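Trainee: requesting a structural model of the entry that follows:
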Amino acid sequence: MRKIPVILMMLMVLPFQAMANKADQAYIITQEQRPSQCISRVAITDIDGRLRMVPKQGFLLDVGTHSLKGRALVSTAGCPVVNSKKAHIVPPLEADFEAGKTYFVGMDHSSTNQADWRIVIWKVE
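Mentor: Now for the predicted structure:
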């Protein structure tokens, strides 16, 4: 019976711990897209030269300069580029990430030349 209050207290503390972690890290969101702006979702597969499996919905990243590499399935709805159904590997995004901020990352495929497509930060909150 005494374990129940302790477990309940621990469950109440977990959300606050998650917020504390976010305060000293950056939050990266990769699964939002803006088809009319030619921004598609991106799956991050490599951080700072190391293969990584990160959640598709988003992930926390330590502050500082990082290199993010990945692939994207291009969404051409509303974007005037050649229709493409295959995944594209593009050069890594190099950026400085600040604590407590949320970065929306996607692939900019607005160029008609696929070699110019890049992973970009399209919004910061």
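Trainee: for burial, what's the neighbour tally of residue 38?
Mentor: 21 (other CB atoms under 10 Å). For every residue, glycine as well, the C-beta is placed using N, CA and C.
Trainee: now do the contacts for it.
Mentor: Contact partners of residue 38, counting by CB atoms under 8 Å, 6 or more residues apart in numbering, are 79, 81, 108, 109, 110.
Trainee: for those, which one is nearest residue 47?
Mentor: Of all these, residue 47 sits closest to residue 108, with 19.6 Å by CB to CB.
Trainee: which residues are in contact with the closest one?
Mentor: Residue 108 is in contact with 38, 39, 117, 118, 119, 120, 122, counting by CB under 8 Å, 6+ apart.
Trainee: which residue is the nearest non-sequential neighbour of it?
Mentor: Nearest residue to residue 108, sequence neighbours excluded (CB to CB, 6 or more residues apart in numbering): residue 120, at 4.6 Å.
Trainee: direction included, what does the helix or strand where the one you found lies pair against?
Mentor: Using DSSP states H and E, residue 120 falls within strand 118-124. Paired strands of strand 118-124, with direction, are strand 102-108 (antiparallel) (DSSP bridges).
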